[in-house]
Every structure is written in structure tokens, then in C-alpha cells.
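Visitor: model this:
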Amino acid sequence: DPDAAARRWAAEHAKRYFAAGCAVGTVDQLLLSGLRVSHSHLRASALLRSLVVVDEVHASDAYMTELLRGVLERHVAAGGSAGLLSATLGGATRDRLLAARSGGRSTRKVPAPDHVDVPYPAISDARSITAVPSTAPAKTVHVELAPCAASAEEVAQRVAREARIGGRILVIRNTVRFARAAQRALEAELSLEQPGWLRVDGQVVMHHGRYAAADRRRLDGAVERAFGKDRPARDCVLVGTQTLEISLDCGADLLVTDLAPMDVLLQRIGRLHRHEHERLAERNGARVVVLVPETRDLARQVRGGPYGFGDKRPYENVLAVEATWRALEACSQLEIPSQNRALVEAATDPARLEELARQLGQGWPDHYNELVGLRAARGGAAHAVALRWSTPWDQSGFVGGEERVRTRLGLDTRRVRLSRPAPSALGAVLEELPVPATLWPVGCDAEIAEVRVAEAAGLRFDIGDVSYVYDRLGLAREGD
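Guide: Numbering: from 1, shown residues only. All right, here's what the predicted structure looks like:
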């Protein structure tokens with residue numbers, strides 16, 4: 001075929017992907033077209049022919065949002081088109097992204113200071129917001145608050161009781177540490193021999209980000225087969241983290257989740273009764289059990305704590321978590337999607353969070369001011385590394401090596417080579433493993449992990465003076 005070489009040319013190197021007639025990838029590939037790194041002009045020029053569609057926009061932080069805004073501004077100014085998809089995007093961020101069409105200047109008035117008057121669902125552009133009919137069936141979600149988030153044993157007992165009733169059960173924890181603790185406690189409640197566990201290669205598994213790439217692919221496939229649209233009619237229970245929120249087609253009959261900001265929580269609730277299936281009578285009503293801290297005082301979590309809230313934790317904005325908890329206390333059931341807009345804005349709109357901080361007093365106003373400063377700093381960091389097409393080429397100050405300019409902050413996971421290939425518990429053969437910064441030895445610059453034990457039940461290895469285990473439950477430090 002004389003045209004085959006031309007058709008595959010765009011797929012032969014990452015920098016050429018956007019030269020394809022149709023390309024599907026991560027948002028990081030798109031953001032690289034807006035950074036001062038090698039080949040960014042090639043990526044950006046190829047993109048200009050295309051309709052750019054960005055999914056899950058609500059999952060971006062201030063740094064990524066600023067980079068995306070810059071990419072959109074250039075793309076639309078050159079005559080390109082872009083569409084942004086989101087289930088839970090707050091109005092303030094939506095307006096900022098839409099303003100990119102006019103070089104950062106909004107061409108319409110915000111519908112209301114708190115954005116609650118904006119219809120949902122809707123199609124928004126730089127000129128107007130138009131309501132559209134919902135294609136998803138409405139559902140009433142019954143909310144139960146369970147003050148036992150720190151007790152893996154109590155969580156396991158609750159989940160075990162539900163598992164004995166039956167159905168598909170998803171348990172989503174905010175941190176890998178909480179998830180692993182819940183999994184171990186649940187295994188103590190339910191025999192590993194019972195058929196209701198999710199398994200890969202015969203092994204009971206979890207779902208989080210600390211799996212090797214080969215194992216993660218097998219894991220994702222197993223989740224979608226067990227919880228997806230064409231799932232078999234059998235019971236199943238799965239414990240995981242935020243990795244279950246997006247990208248996987250999975251639906252649950254019952255959701256047990258840690259408290260999280262409302263936009264995140266609604267993403268998780270979106271997994272509840274996602275597909276139409278025959279269900280047990282006990283599972284016909286959509287129900288979410290929200291695990292909350294035992295003490296009703298989130299102020300002590302601002303500097304970080306075990307629940308995943310606060311400084312250097314997955315959810316830094318503790319005010320958003322507080323607003324979410326208050327909304328759930330005031331409403332024992334949620335009407336989805338008719339309440340989505342009001343719920344999201346109540347927990348994400350900056351003006352409303354500022355007012356909540358003022359009402360709470362004590363250290364909350366300081367926390368709000370710190371969040372504003374952090375957002376400004378991250379926006380400034382994005383601006384500093386962004387590519388400006390109005391700047392002459394020889395003055396752009398390109399950075400040598402893409403690894404020195406990131407598409408998102410906090411990506412400190414290292415890939416370390418194993419001293420010898422080793423089998424994984426999930427049936428793959430591993431040559432390298434990803435190790436997050438939180439587990440990496442301080443001051444260590446090792447590139448090779450010394451394998452001590454390599455067997456199907458688990459892999460044990462050392463990096464520097466720290467020992468690790470990698471088994472069916474993923475990666476952890478030995479003894480954790």
C-alpha cells in the first residue's frame with residue numbers, strides 16, 4: 001500500500017501526533033503545544049487544522065487551567081475551534097476559559113454573582129449560555145453520612161454488611177494509604193475465597209495509581225468488564241482511589257466514598273447507577289455512603305491530615321470540603337442532574353467560599369487568603385513557562401528538554417528500572433516500576449532498583465536504603 005507510510009507518519013513520534021487526521025490523547029499532549037519546549041510550534045501548527053475537544057476540564061488545577069487558557073487563546077485567534085466538556089465545572093473557571101476567545105476579555109456579563117442561575121446542562125460560548133435538554137435519566141441519590149473515615153475496621157464492617165446483601169459496590173478513598181487499610185480490613189471481614197472480589201489473573205485486587213503500566217492495563221480492563229455496561233449478573237466489591245472517578249466506564253449499585261469537594265463527589269456519584277441493569281430490590285434506590293471525619297471540625301485539617309484534605313494533600317481547599325459537608329448535612333437526598341449547578345457553585349465559587357470563611361472566622365479567612373495566593377502563584381508559574389506567539393522566535397527562551405517544564409504540577413513520580421525482569425502478581429513481566437515522590441528515598445538519585453525477591457506472590461526490592469513491596473495491592477514501602 002503506497003499510502004501506508006504517510007498514514008502512519010504522525011504516529012511514529014509523539015511530537016507528530018497532532019498531524020494526524022484524528023488524534024486521541026491526554027491533555028498533556030495539548031498543553032505541550034503551549035510551553036516553551038522543543039517542537040511546541042510543530043504541535044501547535046498541526047493543531048490549527050483541527051477541532052480540539054478537551055474532556056474532564058473540571059479536573060484541572062490553576063496551573064493547568066492557565067496553560068489551557070493560553071493554548072485556547074492562540075488556537076481560537078488563529079481561526080481554530082475548540083470544545084470543552086465538563087460535568088462539574090464551576091462558573092468562575094468556565095468564564096475564564098471562555099474569555100480566551102477575546103484575548104482574556106469577557107464579551108458577556110456573568111449571569112449572576114454566584115453563577116447559580118446558569119442552566120444545567122448547557123452549551124456555553126463567548127457570547128451566551130444556552131440550556132439543552134438532559135439526555136441522562138434523572139435520579140434521586142440518598143445520602144448517608146458515616147463518621148468513621150479514620151477507622152478502616154468500621155469502614156470494612158459497613159462494606160461487608162452491604163456485600164452480604166449483594167450488588168456491585170465501589171469503595172473510593174481519598175488516599176492510597178486509606179484504601180490499602182480498608183482493603184486489608186475488608187479481607188479480614190470477607191473470605192478471599194468468596195466469589196464477590198474483583199480479580200486479575202486469579203488475584204484479588206484494588207484500583208489506584210501505584211501499579212505498573214502493564215498491570216494497570218489489565219486492571220482497567222477487569223474493572224470495566226465487572227462494572228461496565230455489559231457486566232455479568234454477579235456481585236462484586238472493589239476498593240480504590242480517585243482513579244475510579246474518571247476515564248473508566250464503571251457503574252455501581254452502591255457507592256461508599258470519602259468526603260471530598262462537591263465537584264469531585266459528584267464525579268464519584270456519577271458512577272452510581274450509571275447503566276441500566278436489573279438490580280436487587282435493596283439496590284433499586286441510588287445510595288451513597290459518605291465517610292466523614294469523626295470530629296466535626298475541619299479547621300485542624302488545613303495544615304494537612306490523614307483524610308486527604310489540606311496542605312500538600314489531594315484536596316488543598318478545605319473550605320470547599322467544609323462547604324460540601326454543610327450541603328450534605330442540609331440535604332439527605334440529591335436530585336441529579338437538576339441540583340448539580342447549585343451544588344457545584346456552593347462549594348467552588350470563590351465569592352461564596354470567601355463569605356463562608358468570613359462567617360466561620362478564626363483561621364478560615366487566613367486559609368482562604370492562602371488559597372488565593374497559591375492560585376495566583378500557580379497561574380504565574382504557568383505564565384512563566386508558556387509560549388507566547390507574539391514574541392520573536394529568537395527571544396522566546398526555549399527550555400532544553402521537556403522534562404524540565406511540566407504540563408501539571410506535582411508530577412514527581414519516577415520510573416525506576418529493576419535490576420532484573422520480574423513477574424508481577426497480575427501476570428505481567430516487569431522491567432520498571434513507577435515510584436511516587438511520597439515514597440522515594442530522600443536525597444537518593446538511584447536509577448536501578450535492586451530486586452531481592454521475585455516471585456508471583458510479590459516483588460521485593462530496594463532503592464537506596466528503603467525497601468519496597470509490589471504485589472496484588474500495588475506498590476508500598478515494606479511494613480506499611
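
Visitor: Going by residue numbers, what spans are helices in the stretch 201-350 of the chain?
Guide: If DSSP state H, counting those that start in this stretch is used as the criterion, the helices of the stretch 201-350 of the chain fall at 213-227, 262-269, 318-330, 340-348, 350-360.

Visitor: so how far is residue 314 from the nearest residue to residue 409 once chain neighbours are set aside?
Guide: With Cβ to Cβ, 6 or more residues apart in numbering as the measure, residue 63 is the residue that lies nearest to residue 409, at 4.8 Å, once sequence neighbours are left out. C-betas here are computed from N, CA, C, even on glycine. Between residue 63 and residue 314 the distance, using Cβ to Cβ, to the nearest Å, works out to 15 Å.

Visitor: Those two: which is more packed in?
Guide: When residue 63 and residue 314 are compared on other Cβ atoms under 10 Å, the one with more neighbours turns out to be residue 63, at 23 against 17.

Visitor: Pull the residues that contact the one helix or strand that one maps to.
Guide: The secondary structure element spanning residue 63 is helix 62-77 (assigned by DSSP states H and E). Identification of contacts with helix 62-77 by Cβ atoms under 8 Å, 6 or more residues apart in numbering yields 27, 30-31, 33-35, 44, 47-48, 52, 54, 57, 60, 82, 93, 96-97, 99-101, 103-104, 374-375, 378-379, 381-383, 386-387, 389, 407-409.

Visitor: Tell me which residues of the helix or strand containing residue 452 come out buried.
Guide: Using DSSP H and E, residue 452 maps to strand 448-455. Using 16 or more other Cβ atoms under 10 Å as the burial criterion, the residues of strand 448-455 that qualify are 449, 451, 454.

Visitor: pLDDT and distance to residue 143 for those - can I get that in a markdown table?
Guide: Compiled in a markdown table, the buried residues of strand 448-455 are given as follows (pLDDT from 0 to 100; distance: Cβ to Cβ, whole Å):
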| residue | pLDDT | distance to residue 143 |
| --- | --- | --- |
| 449 | 95 | 44 |
| 451 | 95 | 47 |
| 454 | 91 | 46 |
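
Visitor: And those, which is closest to residue 302?
Guide: Checking the buried residues of strand 448-455 against residue 302 with Cβ to Cβ, the nearest one is residue 449 at 36.1 Å.

Visitor: Angles on the backbone of the nearest residue to the closest one once chain neighbours are set aside, please.
Guide: What sits nearest to residue 449 in space, not counting adjacent residues and going by Cβ to Cβ, 6+ apart, is residue 461, at 4.4 Å. Reported as degrees, to the nearest 10, the phi and psi values for residue 461 are phi -150, psi 170.

Visitor: Can you spell out which residues form a bridge with residue 461?
Guide: Bridge pairing for residue 461 (DSSP bridges) gives the partners residue 451, residue 468.

Visitor: how much space is there between it and residue 419?
Guide: Counting by Cβ to Cβ, the separation of residue 461 from residue 419 is 8 Å.

Visitor: that older thread, can you name the residues that contact the residue nearest to residue 449?
Guide: Under the criterion of Cβ under 8 Å, 6+ apart, the contact list for residue 461 reads 418-419, 449-452, 467-468, 470.

Visitor: average pLDDT across the longest strand along the chain?
Guide: Looking only at the chain and at elements set by DSSP state E, the strand with the highest residue count is strand 414-423. In this model, strand 414-423 carries a mean pLDDT of 93.

Visitor: And stretch 350-359, by the same measure?
Guide: 94.

Visitor: Can you tell me what sits against that stretch?
Guide: Where contact means Cβ under 8 Å, 6+ apart, the residues beyond stretch 350-359 that reach it are 92, 113-114, 317, 319-320, 322-323, 345-347, 364-365, 367-368, 372.

Visitor: where do the contact lists of residue 461 and residue 419 overlap?
Guide: Any residue near both residue 461 and residue 419 by Cβ under 8 Å, 6+ apart counts here, and that gives 449-451.

Visitor: Please convert those residues to JSON lines, extending it with distance to residue 73.
Guide: Listed next are the shared contacts of residue 461 and residue 419 as JSON lines, based on distance: Cβ to Cβ, whole Å:
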{"residue": "449", "distance to residue 73": "43"}
{"residue": "450", "distance to residue 73": "49"}
{"residue": "451", "distance to residue 73": "49"}
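
Visitor: closest to residue 3 among the residues you listed?
Guide: Of all those, residue 449 has the smallest distance to residue 3: 44.6 Å, by Cβ to Cβ.

Visitor: show me the contacts for the closest one.
Guide: Under the criterion of Cβ under 8 Å, 6+ apart, the contact partners of residue 449 comprise 416-419, 433, 461-463, 468.

Visitor: same deal with residue 283?
Guide: Contacts of residue 283 were listed using Cβ under 8 Å, 6+ apart, and they are 165-167, 253-254.

Visitor: ok, of the residues you listed, which come out buried?
Guide: In terms of neighbour count (16+ other Cβ under 10 Å), the buried residues within the contacts of residue 283 are 166-167, 253-254.

Visitor: which one of those residues sits closest to residue 145?
Guide: Closest to residue 145 out of the buried ones among the contacts of residue 283 is residue 254 (15.2 Å), distances taken as Cβ to Cβ.

Visitor: and the closest residue to the closest one other than its chain neighbours, what are its phi and psi?
Guide: Across the structure, with Cβ to Cβ, 6+ apart as the measure, the residue nearest residue 254 apart from its sequence neighbours is residue 169 (4.8 Å). Geometry field for residue 169 lists phi and psi as phi -120, psi 120, criterion degrees, to the nearest 10.

Visitor: So which residue is dead centre in this protein?
Guide: residue 242 (5.4 Å; Cα atoms, centre = their mean).

Visitor: Report the separation between that residue and residue 439.
Guide: In terms of Cβ to Cβ, residue 242 sits 17 Å off from residue 439.

Visitor: ok, now residue 81?
Guide: To residue 439, residue 81 is 42 Å away according to Cβ to Cβ.
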